[in-house]
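Peer 1: what's the 3D shape of this:
(chains A and B)
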Amino acid sequence: MTSTSLSTTETVDSQGEWEPKIMAFCCNWCSYAGADLAGTSRIQYPTNARILRVNCTGRISPEFILAALNMGADGVLVSGCHPGDCHYTSGNLKARARWALMETAIEQAGVDPRRVRLQWASASEAQVFADGVRTLTEQVRKLGPIRREWV
Amino acid sequence: MSGTEDEPRIGVFVCHCGHNIAGTVDVEAVAHMASNLPGVAFAADEMFMCSDAGQTLIKEKIKEHNLNRVVVASCSPRMHEPTFRRVVEEAGLNRYLFDQVNLREHVSWCHMREPELATEKAIDLVRMSVARASKLQNLPIKKVNVLPTTLVVGGGIAGLRASLDIADRGFDVLLVEKTPKLGGNVAKWTHLFPSDETGADIIKPLIRDVKKNKRIKILTESKVSEFDGYIGNFGVTVKNLKTEKEERYEVGAVIVTTGFEPFKPVGYYSYGESPDILTLAELQELPRSEQLLKISNGKPVKKVVFIGCVGSRQPGVKGHEHCSRHCCSATAKAAADLRDRVDEVLVLYQDIRTYGKGHEEFHRMARQKHVIYSKFPQNEYPDVIVKKSKITIKWRDVLADEDLEFEPDMVVLASAMIPPEDVEETSHLFSLTRSGDGFFNPEHIKLAPLTTHTAGVMIAGAAQAAKNASESVIDASGAAAKAVGLMAQGEVEIESTVSHVIPELCSSCHTCLTACAYNAISMDETKDPPIAVVTEAKCHGCGTCAAACPSSAIVMYHSTDDQILTMVEAFLCPSPSIQGGG
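Peer 2: Numbering: from 1, shown residues only, chains lettered A, B, ... in the order given. This is a model prediction of the structure:
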């Protein structure tokens, strides 16, 4: 596969039409709670992410991320506890280890790895969570809608 | 009870939360959309779902429409999931047939200026939840027995108090202490605030009572070397450090009271360069005598300087950012006591926080006895110079705005409380996590400060954070009450959201064994090839094994691949008939 077949970086002139769809997987103990705190703190961030709660980022199989991209998610966010702070001791480390492989895999499959984001946000880091959603949304907005970029 | 084999009949309840959700999200549109989703038998919006009226509505509609799944779109499930699970249970549904959508914290409150996009998001989230709901399964409510013995790890003041409290209520205790003596740090202290007694005097009766109590088995010079099992049924191996002999015990609960260690402040204030520069802990451990004598030459001490916050409250220094909480009061007490026996006592400090009951009075007493307090700047530490066994201190006094100098006979460093050196070992043994200060994390800092994420394992005293003896005793009694509560019940409900291995699919690769942080998965060697088996009571339900299994042989109940992927699909590829959202 050549680099030309990788994702283009076309910017879609949205005109209020296209909004990136972001599938977000959050662990229950840190990031989901951090997102809760963002709400209670009335921190405003883009509406694009749909949060799916799992107990631990360790639960997130690369298959879920690939499936989301395959079904048309323009971006995928995975947000969990900081390394060393996992509610389940080390699930996030397992997630991180898988992440590296998954990123390579999607890149080879022709998906720009900038469409996926792994971040750590604790239950008290509402701003970190909100900023993460914003960063990914803006990044994906620049990349344009996802499409099958391989033949 | 409605079986999960039935066709899903889902009830969707969209909460206004007064103006909190309805002020931003068009809740009527959300409920209307939901009513058209496949499997939905009833959908409505209501002012407050968590109110009595809201709860009654759910119960009524379950009966009226024969609902077998319930979705409530309201606040965070971290808030009201237990409430609604109880409600559906009261109406005869299994608690796991409920799903909650977070329209408040995750939608209305964080998208207040974008009502249309917020409503769109709410519609997607409800559609996802309904899709998940139709895949939800009945899970059994399981209970295990609790053995009537508690393991207490650490024989300091917290461990002793906890042991006695438990034994007094008629349960057995296994008390393990690594040193040859009970009493911990408190036993060594001569100036224990807030009383005028020495630490040894205070703790003696406690040790005596513990030793006398027939329900308490004491193992000194011993350490827990192995720990396994689950809440109610732990297996403990205790190793005698002298004989190296190991013995196996079974307990129902655990209280970790491993306490702290006084920080040896090497690199601070010339500590180690003169025997007359010592920590507050070392001063406390000096043998009692009428006169305080210099360690270097045995001559009487005339001038003493205390320095506060040594190795505490240092932003950016790992393990030393926290306030050690006992030192201000302990310094005030020691300084006031010593002032009766020496000519001059000086306390150099950054801030004074004598916050406990009676502690401010110590600080005042110290000042009344003419202990001199001098505040130095936050980032300009005093200079302690040792030259030919003479100690000189130079510092800047903030209040006088002057550089000062003093030549004390002795310098006492009020050094930090840090975790004991074997804390890492203990944390692995009991699967406990630690916070930035190095001490063990509680289950919840406010709501559950004594329990941990390992069900059945409690923490108390300075094992949890730097704290003084009185606070440790409060913790100890609290943790003892938790343990007794567990043992008195005799049985405990365990989570049904655990993983399960489908034996036919297991390829015997052992991947899940390395994925599990709790040793909850083992290989059944009686099978050929061996297959993985989950000990459900040990499973914490993180699902890491399910994601790791290359054969898809592991089902994570209540968070199955199917339940997750169906949500992804409902978000991204809703069927055309419902795409418009009604």
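Peer 1: which residues does residue B:408 contact?
Peer 2: By C-beta atoms under 8 Å, 6 or more residues apart in numbering or on different chains, the contact list for residue B:408 reads B:303-305, B:344, B:346, B:391, B:393. For glycine as for every other residue, the C-beta is placed from the backbone atoms N, C-alpha and C.
Peer 1: neighbour count for those - can I get that in a markdown table?
Peer 2: Conversion of the contacts of residue B:408 to a markdown table gives the following (neighbours: other C-beta atoms under 10 Å in any protein chain shown):
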| residue | neighbour count |
| --- | --- |
| B:303 | 16 |
| B:304 | 25 |
| B:305 | 27 |
| B:344 | 16 |
| B:346 | 20 |
| B:391 | 23 |
| B:393 | 20 |
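Peer 1: out of these, which are inside helices?
Peer 2: If you go by DSSP state H, the contacts of residue B:408 have nothing in helices.
Peer 1: which pair of the residues you listed spans the longest distance?
Peer 2: Among the contacts of residue B:408, the pair separated by the greatest distance (C-beta to C-beta) is B:344 and B:391, at 13.5 Å.
Peer 1: filter the contacts of residue B:408 down to the ones near chain A?
Peer 2: Here nothing survives when the contacts of residue B:408 are matched to chain A using C-beta under 8 Å from any C-beta of the partner chain.
Peer 1: of the residues you listed, closest to residue B:177?
Peer 2: residue B:304 (33.4 Å).
Peer 1: turn the contacts of residue B:408 into CSV, columns for pLDDT and distance to residue B:283.
Peer 2: Listed next are these as CSV, based on pLDDT from 0 to 100; distance: C-beta to C-beta, whole Å:
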residue, pLDDT, distance to residue B:283
B:303, 97, 14
B:304, 97, 9
B:305, 98, 12
B:344, 97, 16
B:346, 98, 14
B:391, 97, 15
B:393, 98, 17
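Peer 1: mind putting those in CSV, distance to residue B:227 included?
Peer 2: Below are those laid out as CSV (distance: C-beta to C-beta, whole Å):
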residue, distance to residue B:227
B:303, 50
B:304, 45
B:305, 45
B:344, 52
B:346, 48
B:391, 47
B:393, 48
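Peer 1: out of these, which are inside strands?
Peer 2: B:303-305, B:344, B:346, B:391, B:393 (DSSP state E).
Peer 1: kindly state the pLDDT recorded for the residue nearest to residue A:116 when sequence neighbours are not counted?
Peer 2: Nearest non-adjacent residue to residue A:116, counting by C-beta to C-beta, 6 or more residues apart in numbering or on different chains: residue A:76, 4.8 Å away. If you check residue A:76, the pLDDT there is 98.
Peer 1: what's the answer for residue B:15, then?
Peer 2: Looking at residue B:15, its pLDDT stands at 98.
Peer 1: then residue B:190?
Peer 2: pLDDT recorded at residue B:190 is 78.
Peer 1: and the one 4 residues further on, by the same measure?
Peer 2: pLDDT, the model's per-residue confidence, is 60 for residue B:194.
Peer 1: likewise residue B:256?
Peer 2: Here the pLDDT value assigned to residue B:256 is 98.
Peer 1: need the contact list for it.
Peer 2: With contact set as C-beta under 8 Å, 6+ apart, residue B:256 has these partners: B:153-154, B:426, B:430, B:432, B:440, B:452, B:457-460, B:463.
Peer 1: restricted to helices, list the residues you listed.
Peer 2: Members of the contacts of residue B:256 lying in helices (criterion: DSSP H): residue B:426.
Peer 1: so which two of the contacts of residue B:256 are the farthest from each other?
Peer 2: Maximum distance among the contacts of residue B:256 (C-beta to C-beta): 14.7 Å, for B:154 and B:452.
Peer 1: which of those two has more residues huddled nearby?
Peer 2: Here residue B:154 and residue B:452 are set side by side on neighbour count (other C-beta atoms under 10 Å in any protein chain shown), and the busier one is residue B:154, at 27 against 23.
Peer 1: mind listing what the residue lying closest to the more buried one once chain neighbours are set aside touches?
Peer 2: Using C-beta to C-beta, 6+ apart and skipping residues adjacent in sequence, the residue nearest residue B:154 is residue B:257, 4.0 Å away. Counting by C-beta under 8 Å, 6+ apart, residue B:257 makes contact with B:152-154, B:156, B:158-159, B:162, B:459-461, B:463, B:472, B:476, B:479.
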